[in-house]
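Trainee: below are the sequence and a predicted model for it; my questions follow.
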Amino acid sequence: MIDRRMMPGFSGHDHTRGHQVSVIELDGVFAVVSVDTRRGSLWTCPLGGGGGGCVECPLELDAAGPEAEWYYEEGIWDEDEDEIDEDERPWYQADLYEIAFCLTAANLDGRPVVVTGGGRGDLSFPEGSDREGGAVRVWDVRTGRKVGKTLTGHVLGVDSLTTLSCDQGLLAVSSCEEGTLLAWNLTRGGEPVAAITGGYTGGYDGSMGAGLVNGRPVAVTGEYGPFLQAWDLLSGEQIGGALPGIERRANAIALTEVAGRAVVVAGGEGRVLHRWDLASQEPIGSPIARHPDRIMDLEVATVAGRAVAVTGSSDDTVRVWDLERGTQIGAPLTDHRLQTVTEMAGFPVAVTTSSDGTVRVWNLTAATGE
């Protein structure tokens, strides 16, 4: 890839299980944000040495329970009577290990927020209730307070989570293990936008990528079958047919624009990157050369007008690919896990973590030689 960092890394970032981090701008300073699932707190750590040291902010866990109607209609299992006591409301206590299984950062009406997706044990209830699954929550970065409602509807854990800004507002889009795709309008207080259920077409996975196509929010989902499906989130309708040909499970999916056309990019257990033209539903060229191990993370960017993909593998390497030419750019980074691709100070950058707890920011413009 490259050996030149855009700005210094942050060393010792061990505040979060699995090193799940995102990046947000706070008062003109870019910072790494993460959730400490041992302490139930939110950490912000400035990059490049600006803005002082790391700041810990406890999450408002008392407000983490769901406001959904079903929560107040179900009773608690009475072990002595061996039946459901309908007069008692279910008990909920935040499971810190599960509450932030997925994480992303966004700006909601001028307020920096972190959006989290819970694991399958996030909304577990006492024995006798069949309710469990992961919820989506929005947290104020500065105060740790929950913003809006706890968003429910997933039966199992949230596997993929992202936000999209469109003319409707800021959307939260999530997909979970049982094959349910949900979207909410955060600008409108968590108003439901889409609910695509039924295991998509009967498969189970939870892989999902999303983006804007001609201004409309679109999500692409994967399952254990050899294909993907694209969905118009505003109408809830599938776009065309299945996108065929992916080898085994798709772990990571993204939407981007290549040479003026909307393109779906995906990788997974087959260790290669696949590309499809969304309009024609046809594969683009041959799969891009193999990773040594499965692809786990995938982000896309436009660098000086050039569409690139950045991939992270389970062998702890990160690579950059030219999506039009189908070729790898430069050498891989070793001992790095890809976290996100974003823009900082006008530059497209990749953010990685490594086994020593260091977060680094890489200049993708330098990576492509532009």
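Mentor: That came in fine, so what should we check first? Quick caveat, the model's predicted, so the values are computed rather than measured.

Trainee: please, which helix or strand holds the residue minimising distance to the centre of the chain?
Mentor: When the chain is reduced to its mean C-alpha position, the nearest residue by C-alpha atoms, centre = their mean turns out to be Leu161, at 3.4 Å. Assignment of secondary structure by DSSP states H and E places Leu161 within strand 158-166.

Trainee: quick check: bridge partners of the residue nearest to the centre of the chain?
Mentor: For Leu161, the beta-bridge partners are Ser174 (DSSP bridges).

Trainee: re earlier: and the strand holding Leu161, C-alpha only, in CSV?
Mentor: Extracted C-alpha coordinates of strand 158-166, given in CSV (Å, rounded to 0.1, in the frame of the first residue of the first chain):
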residue,chain,number,x,y,z
VAL,A,158,-26.9,-6.8,13.9
ASP,A,159,-24.1,-7.8,11.5
SER,A,160,-23.8,-4.7,9.3
LEU,A,161,-24.6,-1.1,10.0
THR,A,162,-24.2,2.2,8.2
THR,A,163,-25.7,5.6,7.8
LEU,A,164,-26.6,7.5,4.6
SER,A,165,-27.4,11.2,4.1
CYS,A,166,-30.0,11.8,1.4
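
Trainee: I'd say the residue nearest to the centre of the chain and Leu171 touch.
Mentor: No: with contact defined as C-beta atoms under 8 Å, Leu161 does not reach Leu171; the gap is 11.4 Å. C-beta here means a position set from N, CA and C on the backbone, and glycine is covered the same way.

Trainee: okay, now the nearest residue to Arg319 once chain neighbours are set aside: neighbour count?
Mentor: Of all residues beyond its chain neighbours, the one nearest Arg319 is Pro332 (4.6 Å), with distances taken as C-beta to C-beta, 6 or more residues apart in numbering. Neighbourhood size, Pro332 [other C-beta atoms under 10 Å]: 18.

Trainee: against Thr334, how distant is Ala183?
Mentor: For Ala183, the distance to Thr334 under the criterion C-beta to C-beta, to the nearest Å works out to 37 Å.

Trainee: and for Leu243?
Mentor: With distances taken as C-beta to C-beta, Leu243 is found 32 Å from Thr334.

Trainee: can you check Glu324 too?
Mentor: 26 Å.

Trainee: so where is the stretch 101-250 of the chain shaky, pLDDT-wise?
Mentor: Counting by pLDDT under 70, the stretch 101-250 of the chain shows low-confidence ranges at 124-132, 198-204.

Trainee: between Ala183 and Thr334, which has more neighbouring residues?
Mentor: A side-by-side neighbour count of Ala183 and Thr334, using other C-beta under 10 Å, places Ala183 first with 28 against 11.

Trainee: for Arg275, give me its contacts.
Mentor: Contacts here follow C-beta atoms under 8 Å, 6 or more residues apart in numbering; on that basis Arg275 touches Val258, Val263, Val264, Val265, Pro283, Ile284, Gly285, Ile288, Leu323, Gly326.

Trainee: who are the contact partners of the third one?
Mentor: Neighbouring residues of Val264 by C-beta under 8 Å, 6+ apart: Gly209, Val220, Leu228, Ala230, Leu243, Ile253, Ala254, Leu255, Arg275, Trp276, Leu278.

Trainee: quickly run through the sheet partners of the helix or strand harbouring it, with directions.
Mentor: When secondary structure is defined by DSSP H and E, Val264 falls within strand 261-268. Strand 261-268 pairs in its sheet with strand 250-258 (antiparallel), strand 273-277 (antiparallel), by DSSP bridges.

Trainee: right, and the ones you listed - which one's nearest Asp109?
Mentor: strand 250-258 (24.7 Å; C-beta to C-beta).

Trainee: now the angle from the closest one to strand 158-166?
Mentor: 20 degrees (axes from the mean of the first three to the mean of the last three C-alpha atoms, to 10 degrees).

Trainee: which residues does strand 250-258 contact?
Mentor: Contacts made with strand 250-258 from outside it, assessed by C-beta under 8 Å, 6+ apart, are listed as 160, 205, 207-213, 218, 220-223, 228, 262-269, 275, 278, 284, 294-300, 302, 307, 309, 311, 323-324.

Trainee: how about 6 Å then?
Mentor: Outside strand 250-258, the residues that touch it by C-beta atoms under 6 Å, 6 or more residues apart in numbering are 207, 209, 211, 220, 222, 263-268, 295-298, 300, 307, 323-324.
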